[in-house]
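> The sequence and its predicted three-dimensional model are supplied below.
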Amino acid sequence: MKIKEKTSSKVIKMLIAIVVAVYVLFPFFLVVINSCKETADITANPTGLNGISFGQLISNLRDVITNTHFLFWSAFGYSTLITILSLVLLALFGSMAAWVICRNHTKWSTVIYFTFIASMIIPFQVVMLPLISTFRDVGKFIGIPMLQSVPGIVFAYLGFGGAMTVFILNGFIKGIPVDLEEAAAIDGCSPEQTFFRIIFPLLRPVITTVTILNGMWIWNDYLLPSMMLGQNGAVKTLPVAVQAFVGSYVKQWNLILAAALLAIVPMIILFLFAQKQIMEGMIEGAVKG
Amino acid sequence: MREFSPGRKAMSFAGIILGLVSLITGLAMAISGSGNTMRGTLLVAGVVLLIAGVYLFPTLKHHRTIINVLFLFPLLFAFAVTVIIPLVLGIGYSFTNWDGIRVKGFVGLENYIRMFRQPGFIWSILITFLFVIFNMVLVNVVAFLLALLCTSKIKGLGFFRASYFLPNLIGGIVLGYIWQFVFSNVVTKFTEALAGNRYSMLSETRTAFIAIVVVYVWQYAGYIMLIYITGLNTIPGDVLEASSIDGADKLQTLFQIKIPMIAPTVTICTFLTLTSAFKQFDVNLALTNGTGSVASFFGNYLTNGTEMLALNIYSTAVINNEYALGEAKAVLFFIILAAVSIIQVRISNKKEVEL
């Protein structure tokens, strides 16, 4: 069936692949080795291995973790909490909304769908300034702080992630035969039962995709949390904490890189464990969505 | 026909009534401006009770409609409060002298005129366009080549795909600082060895701009590559087989079979790279923070050589406290982005049809 490729072209391809991989991974390598050094050793030779010691890594990490601008465990905890809450709510409310929009062919559902799609082009910059003042006022009005609070930022992510979530889910739901739902209705299922017992379980692959896409964006987002939570607030996400930390420690590269290491390690660990799901989720989502 | 139990009816009405009472009390407290912190709890409880009551409402005929509304409500509510209302307010504020807290007066088009009198802002627009063009071309070409590489039969494909994709997992702020380190400590070593002087790419506008492009391609190409791989995998094997039987060589297969067949993927990828490059903020902030001198731009000396639009808007509003001016710039940014995206989609659609 398949034509066997020539070995020479295979070797060349392999070489290119390796060179690109080295280039792509090199900065990560630099982060790791330089987190194990003192500043003097970094300035002397940033690419070399001299000056590396495990003790220095521990000492750098300790300095960073206990730093009042960074507070790694607090930032990590808030990042995790905010991301998980947003993802769960987006998956649930997003699929509910997408199902309603997809299965109703009325003027309203079309208008809502196209508003969602059109809104995806709106840059965050155009809404961020009024968003802050609106959230400040709403928070004062209802007595629940919306700025510098977890519920406020999760609510914002629900609003900002909604459009893409609905768009992707909608594409998937379209492919599920309506007969399935009609059969369920004839068997006596109410609409909400049909959704939660029949449709929702079928959405698992696409919800994985949506969760991965939203998760990467929310976990790494800087501008929204920096505006809503502030650089000096009690609630900080990891990117905001890194920015606050670097702002306070100009050019202490061993500490900055140790902070970077702490910020990227959770994501890389997750990727190592869920690499297959992340890649497959992306591929499946694009094919089916 | 199903009968509704009296219990359900009672619960439904109780939910609706209690919910309304709780909501109205909460609202009354809020409007009267009492400092009672109970109002938040009351409002939330009110909404939850009301939803439960409406959900249990004993009707068969309208049950589907009720479910539709309830299912749409949470997402639409969040969407309206975080996107639609601020958008409308923002466009309105751009015609006033809003200071981030209150509006003191209507100023008409003053903000829009003022921003075009700032050479730094014009420069930002130009540099953003340049950045977008560079990125769109480079990211797509690199990603497509990587996708070809990653769909050929070499060993360790899984590892290569994963490592090319890896930078995309990390946020722009952290990446920006990592690369700031690379450019100011590692690349300088190379220039020292090659040219004899420690030259940091970040110190001059032109090379700093290249640095941002390099970082962005490095970060984004892996993601776009994944989409291209998806596209390439959708090409049926028998089509490729048929073309090879017909005697098409590799380049012919690439340009006459593969690329036309993944035209929709190309559209998606150019769209993604276009919009993301336009909105690019994090790397710009962390890598150069917009610094870089421009000796003469229409006779003006500029210090924001690498400041792209998104960062310019941010610093106008948040750093210089000119909220109305920043908002006006943001509205213009929105218009440019929308126009460019629509043009791109139009052109791509036309191309797709031709192919």
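Alright, I've got the coordinates. Please read these numbers as outputs of a predicted model, since none were measured by experiment.
> Helices of chain A, start to end?
Secondary structure of chain A by DSSP state H: the helices cover A:7-34, A:39-44, A:54-66, A:72-103, A:107-119, A:124-142, A:150-174, A:178-186, A:191-193, A:200-202, A:204-220, A:223-229, A:238-248, A:253-288.
> now the fourth one: mean pLDDT?
What that stands for is helix A:72-103. Averaged over helix A:72-103, pLDDT sits at 95.
> just checking, what packs against that helix?
Packing partners of helix A:72-103 (3 or more C-beta pairs under 8 Å, 6 or more residues apart in numbering or on different chains; DSSP states H and E): helix A:54-66, helix A:107-119, helix A:150-174, helix A:204-220, helix A:238-248, helix A:253-288, helix B:63-79. No exception for glycine: its C-beta is placed from N, CA and C like everyone else's.
> what does the third one give?
When contacts are defined as 3+ C-beta pairs under 8 Å, 6+ apart, helix A:54-66 packs onto helix A:72-103, helix A:253-288.
> Output the ones you listed as JSON lines; include the columns mean neighbour count.
Listed next are the helices and strands packed on helix A:54-66 as JSON lines, based on neighbours: other C-beta atoms under 10 Å in any protein chain shown:
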{"stretch": "helix A:72-103", "mean neighbour count": "21"}
{"stretch": "helix A:253-288", "mean neighbour count": "19"}
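> want to try CSV for these, with distance to B:Q252 as columns?
Listed next are the helices and strands packed on helix A:54-66 as CSV, based on distance: least, C-beta to C-beta, whole Å:
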stretch, distance to B:Q252
helix A:72-103, 41
helix A:253-288, 26
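> between those helices, which gets nearest to A:S35?
Across these, A:S35 has its closest neighbour in helix A:253-288 (4.4 Å, C-beta to C-beta).
> pLDDT on that closest one, on average?
In this model, helix A:253-288 has an average pLDDT of 80.
> Centre of the chain to it, how far?
Relative to its parent chain, helix A:253-288 has a centroid offset of 9 Å by C-alpha atoms, centre = their mean, to the nearest Å.
> do the same with stretch A:103-112
Centroid separation for stretch A:103-112 versus its chain: 30 Å, with C-alpha atoms, centre = their mean.
> Tell me the buried residues in it?
Within stretch A:103-112, the residues that qualify as buried are A:103-104, A:109, A:112, counting by 16 or more other C-beta atoms under 10 Å in any protein chain shown.
> ok, which stretches of the stretch 201-350 of chain B are helices?
Using DSSP state H, counting those that start in this stretch, the helices found in the stretch 201-350 of chain B span residues B:205-234, B:237-245, B:250-252, B:259-261, B:263-279, B:282-287, B:309-314, B:323-354.
> from the ones you listed, which stretch is densest packed?
Burial of these is given as mean neighbour count (mean count of other C-beta atoms under 10 Å in any protein chain shown); helix B:309-314 ranks first at a mean of 26.
> B:D249 is nearest to which of the helices and strands packed on helix A:72-103?
Using C-beta to C-beta, the nearest of the helices and strands packed on helix A:72-103 to B:D249 is helix A:253-288, at 28.5 Å.
> so who does B:P264 touch?
B:231, B:352 (C-beta atoms under 8 Å, 6 or more residues apart in numbering or on different chains).
> correction: A:S226
Applying C-beta under 8 Å, 6+ apart, we find A:S226 in contact with A:239-240, A:243.
> pretty sure B:G290 is touching B:I313, no?
No - applying C-beta atoms under 8 Å as the test, B:G290 and B:I313 come out as separate, 11.3 Å apart.
> sorry, back to before: which stretch in the helices and strands packed on helix A:72-103 has the least confidence?
Least confident of the helices and strands packed on helix A:72-103, judged by mean pLDDT, is helix A:253-288 with a mean of 80.
> and the stretch 201-350 of chain B, which of its residues are near chain A?
Taking C-beta under 8 Å from any C-beta of the partner chain, the part of the stretch 201-350 of chain B that reaches chain A is made up of B:218, B:222, B:226-227, B:229-231, B:233-234, B:241, B:244, B:268, B:275, B:278-279, B:281-282, B:285-286, B:310, B:313-314, B:317-318, B:323, B:326-327, B:330-331, B:333-334, B:337-338, B:341.
> All good on my end, thank you.
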